[in-house]
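[1] from the sequence below, what's the structure:
(2 chains)
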Amino acid sequence: MNSRERVLKLFKGEEIDRVPCFSGMGNVTETGINKLGYKFAGIHLDAKQMADTAASTYKMFGFECGVVPVDLCVEAEALGCVINVYPHAEGILYPTIKEKLIHNEDEMEVKIPADLARRGRVPLLKEAIKHLKADIGNEVAIGSYVLGPFTLAGQIMELNDLLKLSFKKADKVAKLLDVMADAIILVAKEFEKAGADYITVREMGATTDVLSPRVFKSLILPPLKKVISEIKINSVLHICGKTNDIVTSMMEAGPTAISVEQKNDVAETRKKLGKDALIFGNYDPYNVLVSGDENLVRSTMRKCIDDGVSAVWPGCDIWPTVPPQNMVAMLDEIKKHGGKK
Amino acid sequence: MADEARKKEILEKLKNAVIQYDEDACKEGAQEALDAGLDANEAIFDGLVAGMEEVGRLFEAQEYFVPEILMCADALYAGLDILKPHCQQMDLGVKGSVVIGTVEGDVHDIGKNLVKMMFDVAGFTVYDLGRDVPLDQFVDEQLRTDSELVCLSAMMTTSMIGMPKVIDKIKAKNPNCMIMIGGAPTSKELADKWGADGYAEDASNALKEAIKMVSFLKKLRDEKAGKK
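    Here you go, the predicted structure:
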């Protein structure tokens, strides 16, 4: 069973030999980037470089997937925001939004550009997915990701305003989120067409650290459901933070799998959702994988498996400065320990 | 001078206006405080700040979430704007200046703004560098203003990595400067490892940490004064 078969069978709910070790979020490494002779700021703007870098995490460490993009600004940019890739940064800085689309409450009635699929880096991403597919698509599953409606809204307008309006003028925000859902669906369809095997929906801004479970259900869940119901390939819903109170709602949104981070008590989540639910998680990709030592990496992987994850998967993007020996230790431990029931 | 009952009533009004995120009531309360001859500092601390403390408690109890806190902060500022010009140059406990900002690569500033608010009410001079701030700018601004405190905020794991560089540079040039880091991905361990003096993982903790740091600074100064 190769990695691709393992992951695709997992999504189908079929028997596999051990839990896979993969991600639906960014997982490029500095080791990979340096080996290829690229620069971090450049890989966001070049389909081949992006795909090569994404593939290197599999090629060098056996990480069981290939995922593009690397940053979180694809949809916002296609909608008309201006991004900053920090071309002159010495270290690693992820692109951010420089210029928002909505500047005040009166501008919230945005329209989706008719040619959204051809704007910004959407075409570049399709290219990157095709490259990735041609390069390692027979060996691993190819993933891509989109933002959730609330997270995207928080990029095209001030998060501060969005949060307050979620309370004061929930209907106005609901309307905006519905438009965001439509835009996200358009982008996700393009990634599907390009050949992605699974899409992760990253609703990272809507954590229960920020919003109440009540607001999550009334405001966040409906557009999220809409997005997920339109994704025809495998979908994974990722939400950051303390998600124990909303895992049932997350499942209700209808994804193939849910993804939770280290603040989620997975043993409890497993109990709540039953043995067949696909739960991906939940190691801390910075404090364990980057700044931890090999022992911490190994014990954390064992704990994820023992708590009952369906796939060992990071709580967020893997930070590129991850030490190579920790990547090796992670994969090794999962291969050793991941087949035990 | 206001009588005690009236004073209590006004302070209560300010406190509740903050808790109930009622900007108009907060403005009214602030004006009433001035009209009744209340000390502006007292109105700020025993009215507005008392309200914010309760908001912090409600957040911890998960009755309030971030949207509510932001609205409470708006209400507090509505009152503060009216009261501040009437503050006597009295000793608020600590005086000082602080450089604050969100590190380069991060455009989230909610936590940063809440901490800034605490320094505003405490009478600090706040040099707010905003968000997505190049690292060297923190170092330069600290040197330029000789601030005793620098607060670095990052919401994303992907942007907090710049923090240790800033901490090293500032501490190398000015070992006495205190540094507070904050934001979802930070931790006590990271703060210790990077040589920061304080940390706060979320908005409510940031509020508490800011208050703690302010009192700690006060203690330091008192000790220094005691030695003289």
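[2] pLDDT below threshold where in chain B?
    For chain B, the stretches with pLDDT under 70 are B:1-2, B:88-95, B:158, B:202-228.
[3] quick check: residues of it near chain A?
    Residues of chain B lying near chain A by C-beta under 8 Å from any C-beta of the partner chain: B:62, B:65-68, B:70-71, B:74, B:104-110, B:113, B:132, B:156-159, B:161-162, B:184-185, B:187, B:189-190, B:193, B:202. Just so you know, the C-beta spots here come from the backbone N, C-alpha and C atoms, and that holds for glycine as well.
[4] show me which of those residues are buried.
    Burial by neighbour count, judged by 16 or more other C-beta atoms under 10 Å in any protein chain shown, picks out B:65-68, B:70-71, B:74, B:104-110, B:113, B:132, B:156-159, B:161-162, B:184-185, B:187, B:190, B:202 from the residues of chain B next to chain A.
[5] mind listing the helices for the stretch 201-341 of chain A?
    Assigned by DSSP state H, counting those that start in this stretch, the stretch 201-341 of chain A shows helices spanning A:213-215, A:221-230, A:247-252, A:266-273, A:294-307, A:324-337.
[6] B:Cys26: which of those helices is closest?
    Closest to B:Cys26 of the helices of the stretch 201-341 of chain A is helix A:213-215 (C-beta to C-beta; 24.0 Å).
[7] contact partners of the closest one?
    A:166-167, A:170, A:245-246, A:249, B:65, B:67 (C-beta atoms under 8 Å, 6 or more residues apart in numbering or on different chains).
[8] tell me which residues touch B:Glu104, please.
    Listed by C-beta under 8 Å, 6+ apart, the contact partners of B:Glu104 are A:86, A:89, A:93, B:132-135, B:159, B:162.
[9] phi, psi of it?
    Main-chain torsions, B:Glu104, degrees, to the nearest 10: phi -50, psi 140.
[10] torsion angles phi and psi at A:Ala277?
    Dihedral angles for A:Ala277 - degrees, to the nearest 10 - are phi -60, psi 140.
[11] any idea which helix or strand in chain A has the lowest mean pLDDT?
    Least confident element among the helices and strands of chain A, by mean pLDDT, DSSP states H and E: helix A:213-215 (a mean of 90).
[12] now do that helix: distance to the chain's middle.
    22 Å (C-alpha atoms, centre = their mean, to the nearest Å).
[13] show me which positions of that helix end up buried.
    A:213, A:215.
[14] likewise stretch B:51-59?
    B:51-56, B:58-59.
[15] of those residues, closest to chain A?
    The shortest approach to chain A among those belongs to B:Phe59, at 10.2 Å (C-beta to the nearest C-beta).
[16] quick one, strands of chain B?
    Using DSSP state E, the strands of chain B run over residues B:97-102, B:125-128, B:149-153, B:178-182, B:198-200.
[17] is whichever residue of the stretch 1-150 of chain A sits closest to chain B in a helix, a strand, or coil?
    Nearest to chain B, among the residues of the stretch 1-150 of chain A, is A:Leu93, at 3.9 Å (C-beta to the nearest C-beta). Assigned with DSSP: H, G, I helix; E, B strand; the rest coil, A:Leu93 falls in the coil class.
[18] got it, and the one 5 residues further on?
    For A:Lys98, the assignment made with three-state DSSP gives strand.
[19] that one contacts A:Glu77, doesn't it?
    No - with contact defined as C-beta atoms under 8 Å, A:Lys98 does not count as touching A:Glu77 (10.1 Å).
[20] compare these two (neighbour count), which wins?
    A:Glu77 (19 against 13; other C-beta atoms under 10 Å in any protein chain shown).
[21] dihedrals phi and psi, the residue of chain A most remote from its centre?
    Among the C-alpha atoms of chain A, the one most distant from their mean position (C-alpha atoms, centre = their mean) is that of A:Asp106, at 31.1 Å. Note on A:Asp106: backbone dihedrals following degrees, to the nearest 10 are phi -70, psi -20.
[22] just to revisit the earlier point, closest one of the contacts of B:Glu104 to A:Ala117?
    A:Tyr86 (26.7 Å).
[23] near that closest one, how many residues? Count them for me, please.
    20.
[24] could you report the neighbour count for B:Gln20?
    Neighbours around B:Gln20, by other C-beta under 10 Å: 15.
[25] got the contact list for it?
    Contacts of B:Gln20 by C-beta under 8 Å, 6+ apart are B:Ala75.
[26] and with 10 Å instead?
    Applying C-beta atoms under 10 Å, 6 or more residues apart in numbering or on different chains to B:Gln20 gives the contacts B:26, B:51, B:55, B:68, B:71-72, B:75.
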